[in-house]
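Participant: Pasting the sequence and the predicted model now:
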Amino acid sequence: MEELLSILNDRHPDIDFTTREHLIDEAVLDSMDIVSMVQEIAETFDVTITARDIKPENFNSAKALYALIQRLQDEE
Amino acid sequence: MQHNVLNDLRTVVKRKPDKIAFSNGTDSLTFAELDRRRNGVGSYIAGCGIRKKPVVVFMRKSPAEVAAFFGVITAGCCYVPIDEEMPAARIQLILDNVRSPLVICDDHTMEVARSFELGEGKAVLYSDIADTPVDEPLLEDIYRHAIDTDPIYIVFTSGSTGIPKGVAACHRSVLDYVEQLSEALDFNEDTVFGSQTPLYFDACLKELYPTLKFGATTYLIPKELFSLPVNLVEYLNQYKINTICWVVSALTMVSAFDTFSVVKPAYLHTVAFGSEVFPMKQFRRWREALPNAVFTNLYGPTEGTGMCCFYRVDRELADGEPIPIGKPFPNREVLLLNSDGQLAGPGEEGEICIRGTAVTLGYYNDPERTRQAYVQNPLQSAYPELIYKTGDIGKYNADGDLVFVSRKDYQIKHMGHRIELGEIEVSANMLPDVRMAACIYDTNRKKIVLFYTGDLTPAEITVQLKTKLPRYMLPGKTVQLDMLPFTANGKIDRVALKKQYEGA
């Protein structure tokens, strides 16, 4: 989780990602953030995020995103 | 000969009044509706006695915004698009530069518009003016007196001094560009465009004007879809979109996530992309998914009116080989000038300079910076002839195609946006408690990295930069240092910074 928070904080050091739950709906994260983050997440956690995973419910909070990463790690 | 970009609209509305011209899926305008509204907007502006003036259009990307653009041209004025994505300070700089008598807003932007210092200007709602009774004699008089060297738009691009530059382009440049581009990409009346780029750059010329020329249809794709690759391709299929001219990062977003194993574009036959390096692996995925589609690389600076050169990818490219920029469209020439101001020889690097009708009018209300970039053709001194120096370094490959090599300065391309790193540095340096700031671009991770010395935390810096810079210019990483490295002659050593960053 620490590593994920640091990836998120790199882009938006002014946002408290531990509490926010509508990152997409409130446009905290935009498409550029998602594209560049997914690449970094894939490298950091050694997972493959595919098109099917890229939907708002997986990116709306750090918690949801972390759950996605864990799910992908378990599958591999 | 045509002398007005709206001539095509006047003809096509008679042939295809009920065909959809612009749509975003929910809101649509047929050619007849588009024509009615642009005449309404035009009659309102002309009725105010405003002529040959910049008119700011501050609306969300929508068919209505397009109608507002055309309405401004109908009144013999030029449109200046601004967007709520731009931070307030930047919008104010633009407003101060153009001193527009009118700001056309929609319901989303009206309140924000009122918070700006508009000087003599006033803000009006598009919905209040689009149905203005059409004053045909007045509009006809304006149309007949239009000159094809009059500006039709001013779009603002990043400037290294922190002040954005407003590139003004005229009817003739746009007419010529649309003609050449349509020929090169084979647009016709069956073309269905899927527009990705924001309307506040010249990139949208590719869809806007060919739609009028051929009576084609453009779908303005909602921005959110560009973070949802599966939904995006489903949208293309739903509206039978067959032609896209997107920035490379939008295309790679789709291919990198293996979207094509879930859904493939079913109607797409023409794919154009621009100004950035297309990673070969991603390009091949597109080709595999669409083996029959035509792929074309486009290159050109805003100052050269849209795109200037094109390369149709008709052969296999080697792994490390960049996709060439290719050759200029007809009726414009690229002068590749070496440091002596002479034409570069085969294989020699030189600065890409553009000559011809495509060269825009210059930077609006900015003679000094105009003089630096729009210069007399150094190859002849017999009569005045301006060329535009792009600052891009290129060379010719063995096939005689132009290849992009690098930049002369600190301008970068980030997610399709043209950015002066200097502008970010200036904005950071202006913050109280920042002693010194410097930016580099991490090309591999596609991240702007800001280094600074001073007493603010990275979070405090980001909060303040958000009020000064457009979102796409915000650093992806902000690093506090005890001191910045300097070169022997006292400049910030960006090479050392980059090494330090990559080693970290």
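Facilitator: Arrived safely. Numbers count the residues shown, from 1 in each chain, chains lettered A, B, ... in the order given.
Participant: quick one: which helix or strand includes the residue nearest to the spatial centre of chain A?
Facilitator: Closest to where the C-alpha atoms of chain A average out (C-alpha atoms, centre = their mean) is A:L65, at 4.4 Å. Per DSSP states H and E: A:L65 is located in helix A:62-75.
Participant: Check which helices and strands that helix sits against.
Facilitator: If you count contacts as 3 or more C-beta pairs under 8 Å, 6 or more residues apart in numbering or on different chains; DSSP states H and E, helix A:62-75 packs onto helix A:2-11, helix A:31-45, helix A:56-59. For the C-beta atoms, the positions are set from N, CA and C on the backbone; glycine is no exception.
Participant: Would you mind putting the CA coordinates of that helix into PDB?
Facilitator: In PDB, the C-alpha atoms belonging to helix A:62-75 read as follows (Å, rounded to 0.1, in the frame of the first residue of the first chain):
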ATOM      1  CA  ALA A  62      -6.400   4.000  -3.300                       C
ATOM      2  CA  LYS A  63      -8.000   1.100  -1.500                       C
ATOM      3  CA  ALA A  64      -9.900  -0.100  -4.600                       C
ATOM      4  CA  LEU A  65      -6.800   0.200  -6.700                       C
ATOM      5  CA  TYR A  66      -4.800  -1.800  -4.100                       C
ATOM      6  CA  ALA A  67      -7.500  -4.500  -4.100                       C
ATOM      7  CA  LEU A  68      -7.200  -4.700  -7.900                       C
ATOM      8  CA  ILE A  69      -3.400  -5.100  -7.700                       C
ATOM      9  CA  GLN A  70      -3.800  -7.900  -5.100                       C
ATOM     10  CA  ARG A  71      -6.400  -9.600  -7.100                       C
ATOM     11  CA  LEU A  72      -4.100  -9.500 -10.200                       C
ATOM     12  CA  GLN A  73      -1.100 -10.700  -8.100                       C
ATOM     13  CA  ASP A  74      -3.200 -13.700  -6.900                       C
ATOM     14  CA  GLU A  75      -4.200 -14.600 -10.400                       C
END
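Participant: about what we covered before: which ones are touching the residue nearest to the centre of chain A?
Facilitator: A:4, A:41, A:58-59 (C-beta atoms under 8 Å, 6 or more residues apart in numbering or on different chains).
Participant: right, and the pair among these with maximum separation?
Facilitator: The distance between the two most remote of these (C-beta to C-beta) is 12.5 Å, for A:L4 and A:N58.
Participant: thinking again about what came up before, same question for the helix holding A:L65: list its buried residues.
Facilitator: Of the residues in helix A:62-75, those with enough neighbours to count as buried (16 or more other C-beta atoms under 10 Å in any protein chain shown) are A:62, A:64-66, A:68-69, A:72.
Participant: Between helix A:2-11 and it, find me the angle.
Facilitator: Angle, helix A:62-75 to helix A:2-11, by axes from the mean of the first three to the mean of the last three C-alpha atoms, to 10 degrees: 130 degrees.
Participant: In terms of helix, strand or coil, where does B:F310 fall?
Facilitator: strand (DSSP: H, G, I helix; E, B strand; the rest coil).
Participant: again with B:V403
Facilitator: What three-state DSSP gives for B:V403 is strand.
Participant: quick revisit: distance between the helix holding A:L65 and the chain's centre?
Facilitator: Distance, stretch centre to chain centre, for helix A:62-75: 9 Å (C-alpha atoms, centre = their mean, to the nearest Å).
Participant: for stretch B:207-226, same thing?
Facilitator: On C-alpha atoms, centre = their mean, the centre of stretch B:207-226 falls 15 Å from that of its chain.
Participant: Quote the end-to-end distance of it.
Facilitator: 18 Å (C-alpha to C-alpha, to the nearest Å).
Participant: Kindly spell out which helices and strands sit in contact with the helix or strand bottoming out on mean pLDDT in chain A.
Facilitator: The helix or strand of chain A with the lowest confidence, counting by mean pLDDT, DSSP states H and E, is helix A:31-45 at a mean of 84. Applying 3+ C-beta pairs under 8 Å, 6+ apart, one finds that helix A:31-45 contacts helix A:2-11, helix A:62-75, helix B:248-256.
Participant: Can you tell me what sits against the first one?
Facilitator: Helix A:2-11 is touched from outside by A:15, A:17-18, A:29, A:33, A:36-37, A:40-41, A:44-45, A:62, A:65-66, A:69, B:447, B:476-477, with contacts defined as C-beta under 8 Å, 6+ apart.
Participant: do that again at 10 Å, thanks
Facilitator: With C-beta atoms under 10 Å, 6 or more residues apart in numbering or on different chains as the test, helix A:2-11 has contacts from A:15-18, A:20, A:23, A:28-30, A:32-33, A:36-37, A:40-41, A:43-45, A:62-63, A:65-66, A:69, B:445, B:447, B:449, B:458-459, B:462, B:474-479.
Participant: Can you give the domain ranges for chain B?
Facilitator: By the assignment in automatic domain parsing, chain B contains the domains B:7-167, B:424-503.
Participant: close to chain A, is the last one?
Facilitator: Translated: domain B:424-503. Yes: with C-beta under 10 Å from any C-beta of the partner chain as the criterion, chain A is reached by domain B:424-503 at B:444-447, B:449, B:457-466, B:471-472, B:474-479.
Participant: Name only those of the residues you listed that count as buried.
Facilitator: Neighbour-count burial within the residues of domain B:424-503 next to chain A applies to B:446-447, B:449, B:458, B:460-462, B:464-465, B:472, B:474-478; the criterion is 16+ other C-beta under 10 Å.
Participant: Looking at those, point me to the pair that's furthest apart.
Facilitator: B:K446 and B:E460 (24.7 Å).
Participant: Listing request: residues of chain A with sub-threshold pLDDT.
Facilitator: Within chain A, not a single segment meets pLDDT under 70.
Participant: rewinding a little: now, which of the buried residues of helix A:62-75 sits nearest B:Q342?
Facilitator: A:L65 (55.4 Å).
Participant: need the contact list for the closest residue to B:R471 other than its chain neighbours.
Facilitator: Excluding the flanking residues, the one nearest B:R471 by C-beta to C-beta, 6 or more residues apart in numbering or on different chains is B:E85, at 5.8 Å. With contacts defined as C-beta under 10 Å, 6+ apart, B:E85 is in contact with A:27, A:30, B:60-61, B:198, B:200, B:223, B:470-472.
Participant: next one: B:G356
Facilitator: Neighbours of B:G356 in contact, by C-beta under 10 Å, 6+ apart: B:173, B:176, B:304-305, B:308, B:328-334, B:385, B:387-388.
Participant: Equivalent analysis for B:G350, please.
Facilitator: For B:G350, the contacting residues are B:334-344, B:392-396, B:405, by C-beta under 10 Å, 6+ apart.
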